[in-house]
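[1] I need the structure of the sequence given here:
(chains A, B, C and D)
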Number of protein chains: 2
Amino acid sequence: MPITPVKSTKLYHLIVEQLKQLIQSGEYRPGDKLPPERELAQRLRVSRAPVREALVALELLDVVEGRVGDGWFVKRAPDSSLDVSSVEGRPPSDILQARVLVECAIAEQVAAHHDDELVVGLHQAVEAFADELRRGQLNGEADRSFHLLLARASGNAVFADLVAYLWDLQNGQFFRLVEGMTGNERPRLERYVREHRAVYEAVETGDAGRARDAMRIHLEGVAKDLLDS
Amino acid sequence: MPITPVKSTKLYHLIVEQLKQLIQSGEYRPGDKLPPERELAQRLRVSRAPVREALVALELLDVVEGRVGDGWFVKRAPDSSLDVSSVEGRPPSDILQARVLVECAIAEQVAAHHDDELVVGLHQAVEAFADELRRGQLNGEADRSFHLLLARASGNAVFADLVAYLWDLQNGQFFRLVEGMTGNERPRLERYVREHRAVYEAVETGDAGRARDAMRIHLEGVAKDLLDS
DNA sequence: ATGACCTTATGGCCTTACCAATTTCACGCC
DNA sequence: GGCGTGAAATTGGTAAGGCCATAAGGTCAT
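    Numbers count the residues shown, from 1 in each chain, chains lettered A, B, ... in the order given. Now for the predicted structure:
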């Protein structure tokens, strides 16, 4: 089991949590005005800077809204948006099953539509992955790019959202595991490149069924890798 | 068309834009260390506070990562889809397509497994919906419960996450539309109850194919309702 | 040579204090 | 009663400084 720091060194994280809870508990409802920054700081026994950082973070999450010279207002309750940090600990098999469902459908759809421009971009993504591997970069950024680009090529923005979410969910969770297998991960990544290429080729020829199957094989391989370790 | 202010009153927005561009242009690549906060502030001709707010925002967007006592590091190129605010406004057809994909698979899986306890809960959810409708409650809470419960019954926690996310995405977006059709929404909701019941009955008898088809019919009906209005 | 330990420089994190810009609202004037 | 006006409230931004975590490099004993 990985050892996690007992205490977040960043104050604004704790403040975000408190404010989130304050809103979720119904203490402040959408439309309500929050106490002034200075009062919040005083009550939380911190200075204004981290309070403002927390409010900026919540503004980005669409939970609050700051009006100059007026105050901070609750916009909506911080509910079940796709916040990776709030759903840590999903079983890996569940994540992979979802990826198979979503990404196979995407591969099928992209192959069926067959847009030349997107095919070129996809080819570049596959080769960028191979390049990174040759140069010894093993951070998985190119791997992510391929899956994300394919999702965007589907033309469905929500599909792209889901793929990004599932990717982060999987890799956030297995970060340490992936780090731990630095010894023998090279052949695994080389296989991934081949499997990506297989998906690409099926998409390029417009063979929807083969694209779907290639993606399924790829993801089931990934599942096996993760579940074995 | 709403008229937007020509000038953001918030400095940290402008700083986020500049830093984003700096990273997108390749000036700083993933893994690189950014200049110290103090130097950034000096070069941008602002004080450190808004710089830190911008960095906090970028950290939330997963673009940079701050390491205490070390520095700020680029994590990955700012990806337009990672912008939380841009997640708003997904095309309704995209949302519905994703729901069809995910929820049909769920219905199929639940029917195939056929857990008695879950079937009972599902039956209660369907009837709770019918009850609410009879009593004139039209907030759609019971509707949501049915879909969410079915997702949980699949045994896959990630499926439940996805259904909750897609539901909120759809209903956040069409809040006003749904509110606007208070006049003739009753027959529509009564149809939903019948369709939910159809899904339930297929699940109860363990007929996976019919469960999937019933769910597909239901969601395609929902899609039609939303897209027509 | 190697590994544990200390020192120092760097840089993020937080506080305090202060000033400027904006919005709201009540008050007084016409 | 309507309408400027100015005070109060509140956010936005600046400046300076102390504290503490981290990294790098040197020292020393093993």
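[2] if I look at the nearest residue in space to A:L44 that is not next to it in sequence, how far off is chain B?
    Counting by C-beta to C-beta, 6 or more residues apart in numbering or on different chains, A:L44 lies nearest to A:I15, which is 6.2 Å off, once chain neighbours are set aside. In short, each C-beta sits where N, CA and C put it, glycine included. Distance, A:I15 to chain B, by C-beta to the nearest C-beta, to the nearest Å: 11 Å.
[3] Could you confirm A:I15 falls within a helix?
    Yes: under DSSP: H, G, I helix; E, B strand; the rest coil, A:I15 sits within a helix.
[4] Surely it is in contact with A:A49?
    No: in this structure, A:I15 is not within contact of A:A49 by C-beta atoms under 8 Å, at 10.7 Å.
[5] between those two, which one's more packed in?
    Neighbour count, other C-beta atoms under 10 Å in any protein chain shown: between A:I15 and A:A49, A:I15 has more, with 22 against 16.
[6] Which helix or strand in chain A has the lowest average pLDDT?
    Ranked by mean pLDDT, DSSP states H and E, the weakest helix or strand in chain A is helix A:175-180, scoring a mean of 44.
[7] need the residues of chain A near DNA strand C, please.
    Proximity of chain A to DNA strand C (C-beta under 7 Å from any atom of the strand) is limited to residues A:9-12, A:45-50, A:53, A:67-70.
[8] Low-confidence ranges, chain A, go.
    A:1-8, A:79-89, A:136-139, A:172-185, A:229 (pLDDT under 70).
[9] Go again with 90.
    Filtered on pLDDT under 90, chain A yields the residue ranges A:1-10, A:20-27, A:29-31, A:60-63, A:75-92, A:113-121, A:128-145, A:164-165, A:167-190, A:225-229.
[10] which parts of chain A sit against DNA strand D?
    Taking C-beta under 7 Å from any atom of the strand as the contact definition, chain A meets DNA strand D at A:9, A:34-38, A:48-49, A:52, A:55, A:66-72.
[11] go with 10 Å
    Taking C-beta under 10 Å from any atom of the strand, the part of chain A that reaches DNA strand D is made up of A:5, A:7, A:9, A:33-41, A:47-49, A:51-52, A:55-56, A:59, A:65-73.
[12] Tell me which entries of those lie within strands.
    A:65-67, A:71-73 (DSSP state E).
[13] so which of these also contact chain B?
    Residues of those in contact with chain B (C-beta under 8 Å from any C-beta of the partner chain): A:G66.
[14] Of the ones in strands among the residues of chain A next to DNA strand D, which pair is most distant in space?
    Spanning the widest gap among those are A:E65 and A:G71, at 9.6 Å by C-beta to C-beta.
[15] any idea which helix or strand comes after the least confident helix or strand of chain A?
    On the C-terminal side of helix A:175-180, the closest following helix or strand by DSSP states H and E is helix A:185-205.
[16] What helices and strands are in contact with that following helix?
    helix A:92-113, helix A:116-134, helix A:141-153, helix A:208-228 (3 or more C-beta pairs under 8 Å, 6 or more residues apart in numbering or on different chains; DSSP states H and E).
[17] Output the contacting helices and strands for the one helix or strand A:Y165 maps to.
    Taking DSSP H and E as the criterion, A:Y165 maps to helix A:157-173. With contacts taken as 3+ C-beta pairs under 8 Å, 6+ apart, helix A:157-173 sits against helix A:92-113, helix A:141-153, helix B:92-113, helix B:157-173.
[18] and the third one, anywhere near chain A?
    Yes: part of helix B:92-113 sits close enough to chain A to count as contact by C-beta under 8 Å from any C-beta, namely B:94-95, B:97-98, B:101-102, B:105.
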